[in-house]
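Enquirer: Generate coordinates for the sequence data below:
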Amino acid sequence: MKKYFFNPYVLCLLAFASFTSCSKNSKNTSRATGWEINSNDGGFQYNTNFKEQETAPGLVFIEGGTFTRGKVQDDVMHDWNNTPTQQHVQSFYMDETEVTNKMYMEYLDYLKSVYPPDDPAYANIYKGALPDTLVWRNRLGYNEVMTNNYLRHPAYAEYPVVGVNWVQAVQFSEWRTDRVNELMLEREGYLAKNSKYAAVNGEVEGTFSTETYLNTPEDTYSGQIGNLQGDKVGNDDGTNIYAKRSSGVIMPAYRLPTETEWEYAATAIVGTREYNNYRGRKKYPWEGEYTRSGKRKNRGDQLANFKQGRGDYGGIAGWSDDSADITAEVKSYPPNDWGLYDMAGNVAEWVADVYRPIVDDEANDFNYYRGNVYMKTSIGEDGKVRIVGRDGIKYDTLSNGRIVARDLPGEIAMIPIDEDDTYLRTNFDTSDNRDYRDGDKGSTRYYDMFSDDAEQDDTKRMYNAPKNKIIRDSLGNIIKQIDDSNSRTTLVSDEVRVYKGGSWKDRAYWLDPAQRRYMPQYMATDYIGFRCAMSRVGSKAKEKKTPRN
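Expert: Numbers count the residues shown, from 1 in each chain. Next comes the predicted model:
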């Protein structure tokens, strides 16, 4: 009979190998401590089943990469306001089409139902969101049919909304974020079925806010969320279960795209990887140097809706025209290689950036964006998060006299960060960074750090745009004071935003994605619309690439 001898050292190695193998392969075993996670016996709970961010309603995935931003093919105006620079963009999502009249009407109808304009407390919420339909009027043109019908008539339902200023576009994006996340929570069982209609139908007094739900969920729906709990009713101790960021259910916010994102998405060099296109030689969102299709199937068809010449907004009636005189129904023209429609023509589009004629590419070549204003949650004297509406609704009066709600009731009140938040930081030191390295006192030749005059004399700033004033008298009447000073030298300020792309009113010159223009954020026109974007969390690509050997 054979005798077997076991080496204790070998047994120890085998046990350790088994343990480390289990730790490595089991997603419910911590690789940091070896503890078991997501166990019914106790311990910490983590979402280990999250796959990838799903594509939210209306959006198209745009895989990030590098491109040459600002390379315009024609510069007959000699603006020199978009110097070519190599930029890298993170992956993100963008609306397949511009926001349409029907989409914006859904927003208006929601506000009208939840915040009735006949209630004095809410009167300016709905009115402040209304597009300016008078933008269609022309002193020497008859456009009353658009003034009266363009926004609400079903014939224009799938046409891009216009008459919306930058502030209104931002607020629409915020509202859209809340409605989509409300749907996601309902779908995943955190809210009861049809909870999303509760506020509209008057079943609850308050409404849903994403940030309120994440920070103080018991205050959502004005504290009535307990009546709207879904299948995931509560814990064993009777407390409610709420989704968190770690649950992977909450979508990132809808927002306006940055200028760099918009230009990258419009250029769509993903469709061709030729060297010239990589270096910024692509003139339009489509391939080629002309605005008409060269493909055999639809040769000669216009690829965008734009003004072809003086008195020519669509061409001669028939097959050769562009099928539009004003705006056109979305998806009337072929998409670019990302699957995005009307990135040239139809309407120009607001983007998030504050305008400056010089892009400071030395400061950042990754996700470039000018316009950061860093805020934080407002905490009351009782140590709790402050909710908008409890102390009254705050309204802002824009420079043109339009009154808009700063935040909707039920949202978390936000305040600028202070010195305590920036102490000893190296990456930022103030809340408002819109004029960082450009437009501040140090950018002007009149700057003198030892002179009080240099700090007080606003006319010697590099960007000393007119400052129109809106004040109220003792009776509450608005008094408008236009700044007609002769010392103003520019229209550029921190309240001026970039808009991109050509429109139905523009010549082909503006169809180049690199072209850029600007307008005060409170103004609206009949040729500027917008579309939303959303950041991507996690991996760069939707399908992970197989590593090479």
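Enquirer: For the chain, which segments count as helices?
Expert: Taking DSSP state H to define them, one finds helices in the chain at 8-25, 101-114, 123-129, 144-149, 166-187, 210-215, 259-267, 275-278, 419-422, 452-456.
Enquirer: How about the contacts made by Ala344?
Expert: 266, 284-286, 303-304, 306, 501-502, 511, 513 (C-beta atoms under 8 Å, 6 or more residues apart in numbering). (C-beta placed from N, C-alpha, C; glycine too.)
Enquirer: Need the worst-confidence member of those.
Expert: For the contacts of Ala344, the weakest pLDDT value sits at Leu303, with 73.
Enquirer: residues touching that one, list them.
Expert: Leu303 neighbours (C-beta under 8 Å, 6+ apart): 284, 286, 291-293, 333-334, 344.
Enquirer: ok, and the most crowded of the contacts of Ala344?
Expert: Neighbour counts for these (other C-beta atoms under 10 Å) peak at Gly501, which has 30 neighbours.
Enquirer: Leaving aside the residues adjacent along the chain, what's closest to it?
Expert: Ala348 (4.8 Å; C-beta to C-beta, 6 or more residues apart in numbering).
Enquirer: Ok, Ala541 next?
Expert: Glu63 (5.5 Å).
Enquirer: wait, the one you found sits on Ala265?
Expert: No. Applying C-beta atoms under 8 Å, one finds Glu63 not in contact with Ala265, separated by 10.5 Å.
Enquirer: Just the C-alpha atoms of the longest strand along the chain, please, in CSV.
Expert: Secondary structure of the chain per DSSP state E: the longest strand is strand 348-354. Presented in CSV, the C-alpha positions along strand 348-354 are these (Å, rounded to 0.1, in the frame of the first residue of the first chain):
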residue,chain,number,x,y,z
ALA,A,348,-29.3,77.5,-37.0
GLU,A,349,-28.9,76.2,-33.5
TRP,A,350,-28.0,77.5,-30.0
VAL,A,351,-25.1,75.9,-28.3
ALA,A,352,-24.0,76.2,-24.7
ASP,A,353,-20.9,78.4,-25.1
VAL,A,354,-20.4,82.0,-24.2
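Enquirer: by contact count, what packs against that strand?
Expert: Strand 348-354 sits against helix 259-267, strand 496-500, strand 528-529, with contacts defined as 3 or more C-beta pairs under 8 Å, 6 or more residues apart in numbering; DSSP states H and E.
Enquirer: now the angle between strand 496-500 and it, please.
Expert: Computed by axes from the mean of the first three to the mean of the last three C-alpha atoms, to 10 degrees, the angle separating strand 348-354 from strand 496-500 equals 140 degrees.
Enquirer: tell me the contacts of Gly529?
Expert: Gly529 sits in contact with 98-99, 160-162, 164, 346-350, where contact means C-beta under 8 Å, 6+ apart.
Enquirer: gap between it and Ala266?
Expert: 14 Å (C-beta to C-beta, to the nearest Å).
Enquirer: what's the nearest residue to the residue nearest the centre of the chain if we skip its chain neighbours?
Expert: Closest to where the C-alpha atoms of the chain average out (C-alpha atoms, centre = their mean) is Arg255, at 1.6 Å. Nearest non-adjacent residue to Arg255, counting by C-beta to C-beta, 6+ apart: Ser173, 5.1 Å away.
Enquirer: again with Ala253
Expert: Using C-beta to C-beta, 6+ apart, the closest residue to Ala253 is Thr177 (4.6 Å).
Enquirer: I'd guessed Tyr369 sits against Trp262; true?
Expert: No. The criterion here is C-beta under 8 Å, and Tyr369 misses it with Trp262 at 11.0 Å.
Enquirer: So these two - more neighbours on which side?
Expert: Using other C-beta under 10 Å, the more surrounded residue of Tyr369 and Trp262 is Trp262, with 27 against 16.
Enquirer: Report the separation between the more buried one and Lys282.
Expert: For Trp262 relative to Lys282 (C-beta to C-beta), the value is 15 Å.
Enquirer: Could you check how many residues crowd around Tyr159?
Expert: 24.
Enquirer: thought it was touching Arg152?
Expert: No. Shown here, Tyr159 and Arg152 do not form a contact pair, counting by C-beta under 8 Å, at 11.5 Å.
Enquirer: what's the overlap in contacts for the two?
Expert: With C-beta under 8 Å, 6+ apart as the test, Tyr159 and Arg152 both reach Asn101.
Enquirer: quick one: pLDDT of Met103?
Expert: Confidence for Met103, expressed as pLDDT, is 98.
Enquirer: Next, the contact list for the nearest residue to it once chain neighbours are set aside, please.
Expert: Spatially, and ignoring its direct neighbours in sequence, Met103 is nearest to Val161 (7.3 Å; C-beta to C-beta, 6+ apart). With contact set as C-beta under 8 Å, 6+ apart, Val161 has these partners: 98-101, 103-104, 131, 151, 529.
Enquirer: Can you tell me which of those residues has the most neighbours?
Expert: Going by other C-beta under 10 Å, Gly529 tops the contacts of Val161 with 32 neighbours.
Enquirer: bridging residues for that residue?
Expert: Glu349 (DSSP bridges).
Enquirer: Tell me the confidence at it?
Expert: With respect to pLDDT, Gly529 has a value of 97.
Enquirer: circling back: for Val204, state which of the contacts of Ala344 is nearest.
Expert: Among the contacts of Ala344, Gly501 lies closest to Val204 (C-beta to C-beta), at 40.6 Å.
Enquirer: ok, that closest one to Gly315 distance?
Expert: For Gly501, the distance to Gly315 equals 20 Å [C-beta to C-beta].
Enquirer: again, but for Ala465
Expert: For Ala465, the distance to Gly315 - C-beta to C-beta - is 39 Å.
Enquirer: before we move on, what about Asp494?
Expert: From Asp494 over to Gly315 the distance is 41 Å, taken as C-beta to C-beta.
Enquirer: Can you report how many residues neighbour the closest residue to Ile470 other than its chain neighbours?
Expert: In this structure, Ile470 finds its nearest non-sequential neighbour in Thr397, 4.7 Å apart by C-beta to C-beta, 6+ apart. Other residues lying near Thr397 total 17 when counted by other C-beta under 10 Å.
Enquirer: cool, Thr327 as well?
Expert: 27.
Enquirer: what's near enough to touch it?
Expert: Taking C-beta under 8 Å, 6+ apart as the test, what Thr327 contacts is 159-160, 162, 305, 346-347, 504.
Enquirer: at 10 Å what do you get?
Expert: By C-beta atoms under 10 Å, 6 or more residues apart in numbering, Thr327 lies in contact with 98, 101, 146, 150, 156, 159-162, 305, 342, 345-347, 503-505, 526-527, 529.
Enquirer: Give the residue spans of the stretch 201-350 of the chain that score low on pLDDT.
Expert: 232-239, 271-281, 290, 293-300, 319-320 (pLDDT under 70).
Enquirer: Would you confirm that Thr525 contacts Asn165?
Expert: Yes. Between Thr525 and Asn165 there is a contact under C-beta atoms under 10 Å: 9.0 Å.
Enquirer: The stretch 251-400 of the chain: strands as residue ranges?
Expert: 254-255, 348-354, 375-377, 395-397 (DSSP state E, counting those that start in this stretch).
Enquirer: So in that sheet, which strands flank the shortest one, and in what orientation?
Expert: Here strand 254-255 has these sheet partners by DSSP bridges: strand 533-535 (antiparallel).
Enquirer: returning to what we had before: backbone dihedrals for the residue nearest to Met103, please?
Expert: With angles defined as degrees, to the nearest 10, Val161 sits at phi -70, psi 140.
Enquirer: Just the pLDDT for it.
Expert: 98.
Enquirer: Thr397 too?
Expert: Thr397 is given a pLDDT of 84.
Enquirer: and it, what are its bridge partners?
Expert: With DSSP bridges as the rule, Thr397 is bridged to Ile403.
Enquirer: Please report how far it lies from Arg386.
Expert: Distance from Thr397 to Arg386, by C-beta to C-beta: 22 Å.
Enquirer: re the thing from before, which residues sit in contact with the residue nearest to the centre of the chain?
Expert: 92, 169-170, 173-174, 176-177, 261, 352, 532-535.
Enquirer: of these, closest to Asp473?
Expert: Distance to Asp473, by C-beta to C-beta, is smallest for Val170 among the contacts of Arg255, at 29.9 Å.
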